[in-house]
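Please find the sequence and the predicted model below.
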Amino acid sequence: MRYAKGSIKLSSAQDYPLLRQVMRSQFVTHDQLCEFMTLGCYEIKRQSFNWRVRRLVMHGFLLRHYLPALARPYTYSIGPLGVVRLQGMGEFYSGPPRGRGNNVDDLLCAHAVELNDLHLALARQSLVEEWIPEVEIRSKNELTSFGYAKDYDAIVTVRAGFRYLRFALEYERSAKKPREYFKIQEEIEGETHLDRFLYLVANEHLQSFLLQFFSKTRRRLYIGLAHNFMTNFLDMAVIHAATGSRTTLKETL
């Protein structure tokens, strides 16, 4: 079958997994996307990956951004045609109908990129059983009557030997206003689908700040440092918000 000039045929084995990852990440750098594709065994050669990304950008399936604040190579988000194609395949998406366009919020982008770093850190340790991204969580919350209490950054299931740990993940790179944390605590207290919550923060000061607001929670909520999560997940030190006691994630299983 011949295709019209300027058209593009997408590969179910390589193009669609790449587009799906960009949509789920919201924003992802060139190097991160390459690693996601390599770890997922969708792409082997860097040259082939570079060609594929250029092709998808050229045809409007991906949008390419250059954000000096990130100090990284190009960053991608899903493009208008990518949204249309993936929605038609039943993918969960509740963002702007034509993607996020070129007006990119630097803070939103930085948060998404750093969350990708956390996801990749777990993948490198061969621990990820399931990573449900925020776009899928939000879609379930907005479109069904059996959603979660909050639009979490991710819901993660990891393997630890023959045991599994499932938790809601929240990544705080900067502090919110106090009233927002009071509302979040109410949401978490009312959660019926999850029994563990992990907050990752950038530094000890932010960790102490969050402990002030979650000290009265009745839930199994832990607060830890993001850089520890990146290096040795199961042995990372966390603080149990309700008691202030220090433990490791392995001991919470």
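Thanks, I have the structure now.

what's the helix or strand for the nearest residue to residue 27 once chain neighbours are set aside?
Distance criterion Cβ to Cβ, 6 or more residues apart in numbering; nearest residue to residue 27, sequence neighbours excluded, is residue 112 at 4.1 Å. C-beta: built from backbone N, CA, C; applies to glycine. Assigned by DSSP states H and E, residue 112 falls within helix 106-124.

and that helix, what other elements does it pack with?
helix 15-25, strand 28-29, helix 30-39, strand 128-133, strand 154-160, strand 163-172, helix 226-231 (3 or more Cβ pairs under 8 Å, 6 or more residues apart in numbering; DSSP states H and E).

cutoff 6 Å now
For helix 106-124, the elements it packs on are helix 30-39, judged by 3 or more Cβ pairs under 6 Å, 6 or more residues apart in numbering; DSSP states H and E.

Name the residues that touch the helix or strand following the helix it packs on?
Next helix or strand after helix 30-39 toward the C-terminus (DSSP H and E): helix 46-58. Outside helix 46-58, the residues that touch it by Cβ atoms under 6 Å, 6 or more residues apart in numbering are 34, 43, 62, 64.

Any stretches of this protein with poor pLDDT?
For the chain, applying pLDDT under 70 flags the ranges 1-7, 69-72, 93-103, 253.

circling back to that earlier point, between the helix holding residue 112 and strand 154-160, how many degrees?
Angle, helix 106-124 to strand 154-160, by axes from the mean of the first three to the mean of the last three Cα atoms, to 10 degrees: 20 degrees.

export helix 106-124 as PDB, just CAs?
The C-alpha coordinates for helix 106-124 follow below in PDB (Å, rounded to 0.1, in the frame of the first residue of the first chain):
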ATOM      1  CA  ASP A 106       8.800  26.000  33.600                       C
ATOM      2  CA  LEU A 107       7.900  24.700  37.100                       C
ATOM      3  CA  LEU A 108       5.400  22.100  35.800                       C
ATOM      4  CA  CYS A 109       8.000  21.000  33.300                       C
ATOM      5  CA  ALA A 110      10.800  20.800  35.900                       C
ATOM      6  CA  HIS A 111       8.500  18.800  38.300                       C
ATOM      7  CA  ALA A 112       7.700  16.300  35.500                       C
ATOM      8  CA  VAL A 113      11.300  15.900  34.400                       C
ATOM      9  CA  GLU A 114      12.500  15.300  38.000                       C
ATOM     10  CA  LEU A 115       9.700  12.800  38.500                       C
ATOM     11  CA  ASN A 116      11.000  10.900  35.500                       C
ATOM     12  CA  ASP A 117      14.400  10.800  37.200                       C
ATOM     13  CA  LEU A 118      12.700   9.000  40.100                       C
ATOM     14  CA  HIS A 119      10.900   6.600  37.900                       C
ATOM     15  CA  LEU A 120      14.000   5.700  36.000                       C
ATOM     16  CA  ALA A 121      16.000   5.300  39.200                       C
ATOM     17  CA  LEU A 122      13.500   2.500  40.200                       C
ATOM     18  CA  ALA A 123      13.600   1.000  36.800                       C
ATOM     19  CA  ARG A 124      17.400   0.800  36.800                       C
END
